[in-house]
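K.L.:
A structural model of the following input is requested.
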Amino acid sequence: MRLSARFNLSRFLKLIISLVVLSTLLFLCQRVWAQDWLPVRGGIPFGISGIALIEQQSDSLSFLIVHDNKKPNQGRLAIINIKGKQQPEYLELNWPSNAKLPEDLEALTSIPGTNNTAFIGLTSLGKAYYLKLNSDKKTISLVKEFNLPTYPKGSNFEAFALQDIHEKLVAVWAHRGEAEQPATLYWGLLDLNKYQIVPAGYNNLVVPFPAENVRHISDLKIDSAGVVYISAASDPGDNGPFQSAVYVAGSLGYRNNKIVFKQSFHFVPIYRTNYHKIEALELVAGAKGGIVVGTDDENFGSAVYIVGGE
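P.N.:
Here you go, the predicted model:
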């Protein structure tokens with residue numbers, strides 16, 4: 001019996017050692033994988049819900065970002081500077097003093113033709129803010145507030161983007177959808193002289209991944225050819241676990257004096273993650289560019305990643 005007990009104890013100790021070694025290896029593998037993601041700030045108030053390029057240099061990228069905060073003492077805007085694999089520099093910007101603080105900013109886009117000095121931010125309830133980055137690149141001015149066209153009650157907007165298509169300023173925005181409820185993608189023409197969007201159409205869509213607690217569109221951007229990129233994300237709660245994917249939703253074109261959208265027949269993930277909730281998306285051209293994604297990982301804060309970057 002004593003020999004048997006010693007033998008069982010030896011096997012038990014070997015099992016414990018094996019489990020510790022395996023856990024350590026898995027932890028190290030996860031740390032290596034996570035090094036591609038660059039943490040920005042920790043905590044719920046620093047989640048990134050929209051991102052737009054400010055400047056691209058040979059060794060760095062700078063972006064304007066928005067936070068979906070609602071309380072008066074929480075930030076709404078910031079600039080992040082990314083240089084290599086270093087943690088991004090974070091500079092909080094004050095909301096313009098001549099305007100009431102917005103609640104729940106969920107999207108951000110640069111305005112074409114402004115050399116990334118003018119932007120439009122959008123709240124979940126469809127209020128748009130025309131913003132200008134001042135020459136010091138450290139302060140923001142508010143030019144105008146305006147609203148999206150009439151939309152169905154209960155809509156929750158998480159995406160807004162602009163692009164010049166056939167010399168027309170095309171706006172695309174989206175109700176996020178949730179679970180079995182599809183997202184709704186809208187498009188129209190923006191008249192910046194009147195601060196008015198003339199709607200031209202809409203489509204409903206459902207993504208295949210994530211499958212649970214999904215928001216079918218969590219952000220979007222349009223490239224110069226009219227291709228519409230979207231992100232989708234799952235949100236089971238403040239502690240995750242989160243999942244996200246990036247897709248090509250379709251393409252926009254100008255035909256017969258009308259903006260038309262051709263939706264993708266199949267949604268093929270360009271990128272997916274089982275660790276982050278992507279709520280911000282930007283397109284950066286060039287050899288060191290790619291699809292830049294930002295996260296709102298709730299209690300875990302925010303991070304950025306360049307899909308296809310070095």
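K.L.:
In the chain, which strand is the longest?
P.N.:
When the chain is parsed with DSSP state E, its longest strand is strand 243-255.
K.L.:
Give me the mean pLDDT for the helix or strand just after it.
P.N.:
Toward the C-terminal end, the helix or strand that comes next after strand 243-255 (DSSP states H and E) is strand 258-263. What strand 258-263 shows for mean pLDDT is 95.
K.L.:
Kindly report the same for stretch 37-48.
P.N.:
In the prediction, stretch 37-48 has an average pLDDT of 97.
K.L.:
Go through it and flag the buried ones.
P.N.:
Neighbour-count burial for stretch 37-48, counted by 16 or more other C-beta atoms under 10 Å, picks out 37-41, 44-48. No exception for glycine: its C-beta is placed from N, CA and C like everyone else's.
K.L.:
now swap in stretch 168-180 and tell me
P.N.:
Neighbour counts over stretch 168-180 (16+ other C-beta under 10 Å) mark 169-177 as buried.
K.L.:
what do you get for stretch 206-219?
P.N.:
The neighbour-count check on stretch 206-219 (16+ other C-beta under 10 Å) flags 207, 210, 213-219 as buried.
K.L.:
Just send these back as JSON lines, with distance to Ala285 too.
P.N.:
Formatted as JSON lines, the buried residues of stretch 206-219 follow (distance: C-beta to C-beta, whole Å):
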{"residue": "Val207", "distance to Ala285": "25"}
{"residue": "Pro210", "distance to Ala285": "28"}
{"residue": "Asn213", "distance to Ala285": "33"}
{"residue": "Val214", "distance to Ala285": "30"}
{"residue": "Arg215", "distance to Ala285": "27"}
{"residue": "His216", "distance to Ala285": "27"}
{"residue": "Ile217", "distance to Ala285": "23"}
{"residue": "Ser218", "distance to Ala285": "23"}
{"residue": "Asp219", "distance to Ala285": "18"}
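K.L.:
a markdown table please, covering these and showing secondary structure, distance to Ser234 and pLDDT.
P.N.:
Output for those, formatted as a markdown table (DSSP: H, G, I helix; E, B strand; the rest coil; distance: C-beta to C-beta, whole Å; pLDDT from 0 to 100):
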| residue | secondary structure | distance to Ser234 | pLDDT |
| --- | --- | --- | --- |
| Val207 | coil | 10 | 98 |
| Pro210 | coil | 4 | 98 |
| Asn213 | coil | 4 | 96 |
| Val214 | strand | 5 | 97 |
| Arg215 | strand | 7 | 98 |
| His216 | strand | 10 | 98 |
| Ile217 | strand | 13 | 98 |
| Ser218 | strand | 10 | 98 |
| Asp219 | strand | 14 | 98 |
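K.L.:
What is the most widely separated pair among these?
P.N.:
Asn213 and Asp219 (16.9 Å; C-beta to C-beta).
K.L.:
ok so, going back, show only the entries of the buried residues of stretch 168-180 found in strands.
P.N.:
169-175.
K.L.:
wait, which of those residues is closest to Asp191?
P.N.:
Distance to Asp191 across those (C-beta to C-beta) is lowest for Leu169, with 7.7 Å.
K.L.:
I figured that closest one hits Asn193, correct?
P.N.:
No: with contact defined as C-beta atoms under 8 Å, Leu169 does not reach Asn193; the gap is 10.6 Å.
K.L.:
export the ones in strands among the buried residues of stretch 168-180 to CSV and tack on distance to Leu77 and pLDDT?
P.N.:
What follows is these, written out as CSV (distance: C-beta to C-beta, whole Å; pLDDT from 0 to 100):
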residue, distance to Leu77, pLDDT
Leu169, 23, 97
Val170, 25, 97
Ala171, 21, 98
Val172, 22, 98
Trp173, 20, 98
Ala174, 22, 98
His175, 24, 98
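K.L.:
what residue is smack in the middle of the protein?
P.N.:
The centroid of the chain falls nearest to Ala280 when counting by C-alpha atoms, centre = their mean (1.0 Å).
K.L.:
what's the spacing between that one and Gly50?
P.N.:
Applying C-beta to C-beta, to the nearest Å, the value for Ala280 to Gly50 is 5 Å.
K.L.:
now do Trp173
P.N.:
Between Trp173 and Gly50 the computed distance is 12 Å (C-beta to C-beta).
K.L.:
which residues do these two both contact?
P.N.:
107, 122, 160 (C-beta atoms under 8 Å, 6 or more residues apart in numbering).
K.L.:
tell me what whichever strand or helix holds the last one is packed against?
P.N.:
Here Phe160 is covered by strand 157-165, with elements defined by DSSP H and E. Other elements packing on strand 157-165 under the criterion 3 or more C-beta pairs under 8 Å, 6 or more residues apart in numbering; DSSP states H and E are strand 105-110, strand 118-123, strand 168-175, strand 214-222, strand 243-255.
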